[in-house]
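A.B. asks: sequence first, then the predicted structure, then my questions.
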Amino acid sequence: MSYFFPGAGRPTLGSILRSIEERVGIALLALALSFTGAQSVLAHEFKVGDLEIGHPWSRATPAGAKVAGGYFTITNNGSAPDRLVSISSDVSEKAELHEMGVKDGVMTMRPVAGGLEIPAGGKVALAPGGYHLMFIGLKRQPKQGEKFSATLTFEKAGAVSVDFAVEGMGGGAMDDHAN
Ligand SMILES: [Cu+2]
């Protein structure tokens, strides 16, 4: 047998098992690391109380633009409704909750009074063309590939800091935030 392992001597059963153990251990560790990495990139989800905030994203803005949109989903796993009441971010002077709709054939956008209700066991989507956040008075232009943080405050669940992933200028559709 030593013929196959020149200079190494004959491996004992114990040493073979140990080395398999080490290899399996390393493989599991690598798998755990890659899984953790993949999960944080793919899921990009935040939790506060019974609420899950899924994939907050924004769009890169052209130089000089004063506003940017913010989109995500909110899932309420609780048995009571909650309400998104305020938004703040270092990226802009202020942030508002807006609703976009068509009125008399014209696309309009208006602030939502009283916040946004998330029904018990329900899911609400903020997306281009509908409800969205608007970051008003941008202090800098969010760039594609970066993230900026914002704080969402809910009536019951309280405040949570989330990261908005900035996508390309062409990302999404409908809502050009050109006001
Ligand atoms: Cu808006």
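C.D. replies: Nice, I can see it.

A.B. asks: going by C-alpha atoms from here, please, whenever you check contacts or count neighbours.
C.D. replies: Fine.

A.B. asks: which parts of the protein are helices?
C.D. replies: Assigned by DSSP state H, the chain shows helices spanning 13-42.

A.B. asks: what does it put close to the ion?
C.D. replies: 98, 134 (Cα under 5 Å from the ion).

A.B. asks: could you list the domains of the chain?
C.D. replies: Following automatic domain parsing, one gets these domains for the chain: 8-42, 45-167.

A.B. asks: for those domains, which one ends up most surrounded?
C.D. replies: Neighbour counts (mean count of other Cα atoms under 10 Å) averaged over each of those peak at domain 45-167, with a mean of 18.

A.B. asks: ok so, going back, could you redo the domains of the chain as TSV and give each row mean pLDDT?
C.D. replies: Formatted as TSV, these follow (pLDDT from 0 to 100):
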stretch	mean pLDDT
domain 8-42	56
domain 45-167	95
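
A.B. asks: tell me which residues form a beta bridge with the nearest residue to Phe154 once chain neighbours are set aside?
C.D. replies: Distances taken as Cα to Cα, 6 or more residues apart in numbering place Leu84 nearest to Phe154, at 4.4 Å, with adjacent residues excluded. Leu84 forms beta bridges with Leu116, Phe154, as assigned by DSSP bridges.

A.B. asks: need the strands for the chain, in chain order.
C.D. replies: 45-48, 51-59, 67-76, 82-89, 92-103, 106-111, 116-118, 123-126, 131-138, 147-154, 158-167 (DSSP state E).

A.B. asks: distance of the most centrally placed residue in the chain relative to Lys66?
C.D. replies: With distances taken as Cα atoms, centre = their mean, the residue of the chain nearest its centroid is His55 (2.9 Å). If you measure His55 against Lys66 using Cα to Cα, to the nearest Å, the figure is 23 Å.

A.B. asks: also Asp104?
C.D. replies: Shown here: Asp104 relative to Lys66, a distance of 27 Å by Cα to Cα.

A.B. asks: same question, Ser88
C.D. replies: Ser88 sits 16 Å away from Lys66 when distances are taken as Cα to Cα.

A.B. asks: check Phe46 too.
C.D. replies: Distance of Phe46 to Lys66, given as Cα to Cα: 27 Å.
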